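K.L.:
Fold the following, please.
(chains A and B)
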Amino acid sequence: MKTTDFSSAPGAAEEARIGQRAHAALEAAAAALPPDIAFRLRQSRELALTRHAPRRSPVALLQLAGFPGAGTGNWMRDIIAPAVGILMLALLATAASQYSQAENHNDTVDIDSSLLIDDLPIDAYLDRGFGAWLDQGNP
Amino acid sequence: MRAVLAGLSIALLVASGMAEAGSAAAPIAPARDWQQLSPSQRDILAPLGEDWNQLDTERRRKWIELAARYPSMTPDEQSRMRARMSYWASLSQQERIEARERYKRLQAMPPDQREALRKQWEAYESLSPEERKRLGTSTRPAAKAPGAPAATPVRK
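P.N.:
Presented below is the predicted three-dimensional model:
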């Protein structure tokens, strides 16, 4: 068990002795507490600690939001640089999306153009039975 | 600061490059109303004239781009395209998607098999209705796109 040394202060020897006796008495009493009371004491202690937990500051919130340098006093590094990074990613994502849409559009026009002039009638591509028939290796 | 500006510039260049690359191959046509089309476009797209203004923007753009390819087609291809336009436009979106998928699958066949498809289609059409139904012809979706023109009856 950890004890505290009070002997360095003047007149502290008496206080230390009283303290040690009180400590020993409390320890003995605590060990003899019924389990339900010990449980409630532990709950109360945890509740008190929770209520005294430090609240997150705006700086901590910025750091959580992805601005690791927030709060260091350098706004260029704290806010602007990450924001520009996010903006660049957004621009690239938008451009990639537009590129993909244009590609799909062009592909669809190519296929439609081919279908409309193909040797086979459109029904051949609508008919599931024809596909199944080909898959069976006929004729 | 310089690094940030350089990064932003690179991102802008890449983004604009991708956007241009997407539209450079075939610029997406504006989706005009029927009366705003040129006389030659109206002539080519005449089979769709009655229903043109009910088509959505994306479909109008596709048809305008298809019309732009029309002059470069052979007379046979032009004839086929005009004969099939209103039927193709009458299909539901799901039917068009399925037809495109089957077309891509059949295109992936070896060239010799691909050339034989026309005869195989004719042979398939000569099967009895019961046989074709058994093979799955009756599973073709029947839903039509809202506002679509009357279609040629689907072969079953």
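K.L.:
Quick one: the helices in chain A, in order.
P.N.:
A:12-31, A:35-51, A:58-64, A:75, A:81-117, A:122-126, A:128-135 (DSSP state H).
K.L.:
lowest-confidence helix or strand of chain B?
P.N.:
Sorting the helices and strands of chain B by mean pLDDT, DSSP states H and E puts helix B:2-24 at the bottom, at a mean of 58.
K.L.:
Name the next helix or strand downstream of that one, please.
P.N.:
Proceeding N to C from helix B:2-24, the next assigned helix or strand is helix B:39-44, under DSSP states H and E.
K.L.:
And the helix or strand that that next one is followed by, what does it pack against?
P.N.:
Next along the chain after helix B:39-44, taking DSSP H and E as the criterion, comes helix B:57-69. The contact analysis (3 or more CB pairs under 8 Å, 6 or more residues apart in numbering or on different chains; DSSP states H and E) places helix B:57-69 against helix A:81-117, helix B:39-44, helix B:75-90. For glycine as for every other residue, the C-beta is placed from the backbone atoms N, C-alpha and C.
K.L.:
Please see if the last one touches chain A.
P.N.:
In other words, helix B:75-90. Yes - if you take CB under 8 Å from any CB of the partner chain as the test, helix B:75-90 does meet chain A, through B:Asp76, B:Glu77, B:Arg80, B:Met81, B:Arg84, B:Met85, B:Tyr87, B:Trp88.
K.L.:
Buried by neighbour count, from those residues: which ones?
P.N.:
B:Glu77, B:Arg80, B:Met81, B:Arg84, B:Met85, B:Tyr87, B:Trp88 (16 or more other CB atoms under 10 Å in any protein chain shown).
K.L.:
Chain B - how does it break down into domains?
P.N.:
B:27-90, B:92-138 (automatic domain parsing).
K.L.:
Could you check how far A:Ser113 is from A:Asp135?
P.N.:
27 Å (CB to CB, to the nearest Å).
K.L.:
So if I had to pick from the two, which one is more boxed in?
P.N.:
A:Ser113 (19 against 9; other CB atoms under 10 Å in any protein chain shown).
K.L.:
That one and B:Leu66 touch, don't they?
P.N.:
Yes - assessed by CB atoms under 8 Å, A:Ser113 is found in contact with B:Leu66 at 5.5 Å.
K.L.:
Against A:Arg17, how distant is B:Glu77?
P.N.:
B:Glu77 is 111 Å from A:Arg17, by CB to CB.
K.L.:
where does chain A have low pLDDT?
P.N.:
A:1-10, A:54-73, A:138-139 (pLDDT under 70).
K.L.:
should've said chain B
P.N.:
Ranges of chain B meeting pLDDT under 70: B:1-29, B:137-156.
K.L.:
domain parsing for chain A?
P.N.:
According to automatic domain parsing, the domains of chain A span A:1-53, A:73-139.
K.L.:
B:Gln35: which of the ones you listed is closest?
P.N.:
With CB to CB, the closest approach to B:Gln35 among the domains of chain A belongs to domain A:73-139: 23.4 Å.
K.L.:
ok now that closest one, how far from the chain's centre?
P.N.:
Taking CA atoms, centre = their mean, to the nearest Å, one finds the center of domain A:73-139 at 32 Å from the center of the full chain.
K.L.:
Same question for stretch A:32-46.
P.N.:
With CA atoms, centre = their mean, you get 34 Å for stretch A:32-46.
K.L.:
out of the helices of chain A, deepest packed?
P.N.:
helix A:122-126 (a mean of 21; mean count of other CB atoms under 10 Å in any protein chain shown).
K.L.:
Could the C-alpha coordinates of that one be exported in CSV?
P.N.:
Extracted as CSV, the C-alpha positions of helix A:122-126 are listed here (Å, rounded to 0.1, in the frame of the first residue of the first chain):
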residue,chain,number,x,y,z
ILE,A,122,-33.5,-5.2,-82.9
ASP,A,123,-35.8,-8.1,-81.9
ALA,A,124,-32.9,-10.5,-82.0
TYR,A,125,-31.3,-8.5,-79.2
LEU,A,126,-34.5,-8.3,-77.2
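K.L.:
quick one, phi psi at A:Ala32?
P.N.:
Backbone geometry at A:Ala32, expressed as degrees, to the nearest 10, gives phi -90, psi 0.
K.L.:
Contacts only, for it.
P.N.:
Under the criterion of CB atoms under 8 Å, 6 or more residues apart in numbering or on different chains, A:Ala32 has no neighbours.
K.L.:
Quick check: it vs A:Leu41, distance?
P.N.:
On the measure of CB to CB, A:Ala32 and A:Leu41 end up 13 Å apart.
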